[in-house]
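In: Quick one: sequence plus predicted model below, questions after.
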Amino acid sequence: MIKAVLWDMDGTLVDSEGIAVSALALAMEEEGLTPPTDLMQRVVGRSADEIYRDMVNTFGLRASPLEWERRKHHFYFRAADQLRGYDDAVLTWHRLDAANIRQAVVSNSDRAIVDVNLRVAGLARPGLVTVARNDVLRGKPDPEGYLRAAYLLGVEPRECLIVEDSASGAAAALSAGIETVFVPHSHSAAPAGVRTLSSMSQLQQEVLEPV
């Protein structure tokens with residue numbers, strides 16, 4: 001029986017990946033760098049520190065980590081009014097919440113972005129368990145964030161279900177030994193061991209009406 005659902009955020013609960021990639025491209029241009037055509041594929045699901053290392057090693061970024069984050073955040077928050085929660089995912093969240101299924105959010109984004117995104121989606125509330133990149137030593141694909149979320153919810157990993165949309169998130173979930181599904185709107189193919197949902201209604205059924 002599933003007692004808790006652990007959600008990825010960007011691209012799963014909130015339609016934010018396009019805005020994040022656009023902000024990254026603008027930050028690169030401000031640094032005199034040329035964004036590659038495959039920028040989205042390079043960065044989706046990766047943690048900020050991984051992306052920074054790639055910017056330095058591959059593109060020659062010279063800005064300090066702090067300055068680089070400041071630039072990215074400037075462009076991201078400037079476009080925050082374009083952020084939207086995925087209607088079907090948010091509806092599913094509320095239905096699971098009404099059924100007393102414990103839920104948490106685990107993200108490779110930092111705390112400031114997690115808070116803004118969940119507020120936009122109407123999911124922010126006191127006591128909500130969220131694990132941002134700042135809260136762990138290692139981001140996805142390391143399982144630390146998901147295992148921490150399960151601990152904070154007071155459940156065993158085997159009692160959880162993870163909802164994801166990216167390869168790095170799936171790797172983290174599988175390393176944690178937790179059953180994992182991909183949202184129907186994912187831009188990535190689900191790896192072995194991960195199912196893609198036909199709809200978010202399927203998630204509700206599997207959690208609320210287990211066979």
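Out: It's in.

In: Only C-alpha atoms from now on, for both contacts and neighbour counts.
Out: Noted.

In: for this structure, what are the low-confidence residue spans?
Out: 211 (pLDDT under 70).

In: Contact partners for residue 85?
Out: 13-15, 120-122 (CA atoms under 8 Å, 6 or more residues apart in numbering).

In: out of these, which is most surrounded?
Out: residue 13 (27 neighbours; other CA atoms under 10 Å).

In: Tell me the spacing between it and residue 107.
Out: Residue 13 sits 11 Å away from residue 107, going by CA to CA, to the nearest Å.

In: do residue 132 as well
Out: Distance from residue 132 to residue 107, by CA to CA: 5 Å.

In: What is the most widely separated pair among the contacts of residue 85?
Out: Across those, no pair lies farther apart than 15 and 122, at 13.1 Å, counting by CA to CA.

In: Quick one: neighbours of residue 24, just the number.
Out: Residue 24 - counted by other CA under 10 Å - has 24 other residues nearby.

In: which stretches of the protein form strands?
Out: For the chain, applying DSSP state E gives strands covering 4-7, 14-15, 84-85, 102-106, 129-131, 160-164, 179-182, 195-196.

In: Is it possible to get a markdown table of those that adds distance to residue 61?
Out: Formatted as a markdown table, the strands of the chain follow (distance: least, CA to CA, whole Å):
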| stretch | distance to residue 61 |
| --- | --- |
| strand 4-7 | 32 |
| strand 14-15 | 28 |
| strand 84-85 | 31 |
| strand 102-106 | 28 |
| strand 129-131 | 28 |
| strand 160-164 | 30 |
| strand 179-182 | 33 |
| strand 195-196 | 36 |
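
In: wait, which of these is closest to residue 93?
Out: Nearest of those to residue 93, taken as CA to CA: strand 102-106 at 8.0 Å.

In: Can you list the strands that the closest one pairs with?
Out: Strand pairing for strand 102-106, determined by DSSP bridges: strand 4-7 (parallel), strand 129-131 (parallel).

In: and residue 86, how many neighbours does it have?
Out: Residue 86 - counted by other CA under 10 Å - has 17 other residues nearby.

In: Tell me the buried residues in stretch 203-211?
Out: For stretch 203-211, a neighbour-count test (16 or more other CA atoms under 10 Å) marks 203-204, 207-208 as buried.

In: quick one: contacts for the nearest residue to residue 186 once chain neighbours are set aside?
Out: Spatial nearest neighbour of residue 186, excluding adjacent residues (CA to CA, 6 or more residues apart in numbering): residue 165 at 4.9 Å. Applying CA under 8 Å, 6+ apart to residue 165 gives the contacts 8, 11-12, 182-183, 185-188, 190.
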